[in-house]
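*Asks:* Dropping the sequence and predicted coords here.
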Amino acid sequence: MNKRIVGYDLARALALFGMVVVNFKIVMGAEQNGPAWLVSLVGLLDGRAAATFVVLAGVGLSLLSRKARVSGDPEQLSQDRHTLLKRALFLFVVGLLYAPIWPADILHFYGVYIAVAAFFLAASTRRLWTCSGVLVLAFVVMFFALDYDQGWDWRTLDYDDFWSPPGMVRHLFYNGFHPVVPWLAFLLVGMVIGRLDMSDPVVRRRVFVWGAGVALAAEGVSWLLIRMLSPGDSVADQEAIVAILGTEPMPPMPLYMLAGAGSASAVIAASIALGERYRDAAWLRPLVATGQLALTLYVAHVLLGMGTLEAIGRLEKQTLPFALLASLVFCVASVVFAHLWRRRFRRGPLEAIMRTLTESRRHAA
């Protein structure tokens, strides 16, 4: 497994594209402003692209710490943990600096996920699965015990007390866009996948089948339960049923978590299969480069992508087809930029800064 599995980079590029589409349509107010079939189709990306991004982060943690975990070397494991904690701090700070511009930022959540997961590097696979389940169930308990709406203005998606200590803790761990409880479960699932020999076609096939099966089952059960329980109820009751039994990312209830983890696993397995089959294909290299610059491009999709749309007066009250066109333009530009950049530099701009500030030694992952 020393050879780099380029399929992970391909999956990261696909997750980035999905996040661009979702974020562009939200900020442009285009979620429902299009043909019903297109609204439904694009809606499938909601929460799935970001979940895939987090699962891939977990894969990266397992790959980075593989040598220390397999050898049982406590000193090397401690060095890996130290590197990850510094990386977590970097992402948390960058995310907070970024939050005033983009309130739906995932980077500061990412920082907390990685900081917590750094202490799971040597945990058994069973423990990772158990903790994932506990996180999912813990959110259900919290949802019925606490006010999920606290701090939110749902009309504007503003979080009133984000910068106060209680508000930030609540937003980070319970009712933010990607709360640690239960979203950390996605990263732990990724750590399990990262321990598998995904270069083995049999393993890949198993991950794909199980991932797709779980995702489809979760979506099917959600669809069935909502239709069985909703007819005749008031609008408020219907909304409550959809919130609890739906597969939307807010609130992240168990059926969403299953759908998100399953779809992410299937996408990753399929991407690795494509990467193994077309490793030397010319069309794959630019996409792999895009995945390797995901952090830089994630920040750029707000600063440059949305910034350009705002400058030309096309950031609000747009149609869904136009939001998709804008997303396509940005994604194509990202692929071209990443391909050209990687021909001259080993890492993306932000990736290089993070590496310089947080890595004390070279990792094989």
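*Replies:* Alright, I've got the coordinates. Everything quoted here is computed from the prediction, not taken from an experiment.

*Asks:* all contacts plus neighbour counts: C-alpha atoms, from now on.
*Replies:* Fine.

*Asks:* Quick check: which element contains the closest residue to T125 other than its chain neighbours?
*Replies:* Ranked by Cα to Cα, 6 or more residues apart in numbering and with sequence neighbours excluded, the top spatial neighbour of T125 is V192, at 6.2 Å. V192 belongs to helix 180-194 when elements are defined using DSSP states H and E.

*Asks:* can you list contacts of that helix?
*Replies:* Helix 180-194 is contacted by residues 51, 54-63, 109, 112-113, 117, 125, 128-129, 131-133, 135-136, 138-139, 172-174, 252, 257, 261, 265 when judged by Cα atoms under 8 Å, 6 or more residues apart in numbering.

*Asks:* average model confidence for stretch 132-150?
*Replies:* The average pLDDT within stretch 132-150 is 96.

*Asks:* what's the answer for stretch 180-197, then?
*Replies:* Per-residue pLDDT values across stretch 180-197 average out to 97.

*Asks:* close enough to count as contact, H178 and V112?
*Replies:* No. In this structure, H178 is not within contact of V112 by Cα atoms under 8 Å, at 10.8 Å.

*Asks:* next SSE after the helix holding V192?
*Replies:* helix 201-229.

*Asks:* Remind me what that following helix packs against, helices and strands.
*Replies:* helix 235-245, helix 254-277 (3 or more Cα pairs under 8 Å, 6 or more residues apart in numbering; DSSP states H and E).

*Asks:* Which one's more surrounded, H178 and V112?
*Replies:* Taking neighbours as other Cα atoms under 10 Å, H178 and V112 compare with H178 leading, 28 against 21.

*Asks:* before we move on, back to that, ok, so what distance separates the residue nearest to T125 from R314?
*Replies:* Distance from V192 to R314, counting by Cα to Cα, to the nearest Å: 42 Å.

*Asks:* So which of these two has more stuff around it?
*Replies:* Between V192 and R314, counted using other Cα under 10 Å, V192 has the larger neighbour count: 19 against 16.

*Asks:* Low-confidence stretches in the stretch 251-365 of the chain?
*Replies:* Residues of the stretch 251-365 of the chain meeting the criterion pLDDT under 70: 360-365.

*Asks:* Okay, strands next: where are they in it?
*Replies:* Using DSSP state E, counting those that start in this stretch, the stretch 251-365 of the chain contains no strands.

*Asks:* quick revisit: quick check: which of the helices and strands packed on helix 201-229 is nearest to D73?
*Replies:* Among these, helix 254-277 comes nearest to D73, with 29.3 Å by Cα to Cα.
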